[in-house]
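Asker: What follows is a protein structure lacking sequence information:
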């Protein structure tokens, strides 16, 4: 469970508790969940939740204190995997993308090596082609001469 889900779970758990009044604050989240985080880190986490899913959590810092409101959608969001599931999906997509890029890179390397081999053998191929053209022209001229009867095939 990532930090964003921990905060949502903490807030829904206290919202559903028997206590009459629970006013969640950055300090209560810090005290109960993340004692090693500073206040700005907690605020950053709350802002991330609000930016990604504004329908689940509203956070506002006022002069009177923190206003953190959690909606009823938070429980169903957490039961579907929450931000942890979203993070895992993104990780899987990133892995797939990296695999595709690696395959493309390997393919490019093979294509480059094949092109190098072709360039290395190109002078030989070019020479063989020229010799073949000369032989072909020579045979064509010979056949033309034979067809015109200038060359006696019986002698």
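Answerer: Here it is on my side, so go on. Just so it is clear, the model here is predicted, and its values are computed rather than measured.
Asker: Mind jotting down where the helices sit in the chain?
Answerer: Counting by DSSP state H, the chain has these helices, from start to end: 3-15, 26-32, 39-52, 73-79, 82-148.
Asker: Relative to the lowest-mean-pLDDT helix or strand in the chain, what are the paired strands and their orientations?
Answerer: Ranking every helix and strand in the chain by mean pLDDT, DSSP states H and E puts strand 65-70 at the bottom, with a mean of 80. With DSSP bridges as the test, strand 65-70 is paired with strand 57-62 (antiparallel).
Asker: Quickly note the distance from residue 38 to residue 63.
Answerer: As judged by C-beta to C-beta, to the nearest Å, residue 38 and residue 63 stand 20 Å apart. Heads up, the C-betas are built off the backbone N, CA and C, glycines and all.
Asker: So between those two, which is more surrounded?
Answerer: residue 38 (10 against 4; other C-beta atoms under 10 Å).
Asker: Would you mind finding the most buried of the helices of the chain?
Answerer: Mean neighbour count (mean count of other C-beta atoms under 10 Å) peaks for helix 3-15 among the helices of the chain, with a mean of 18.
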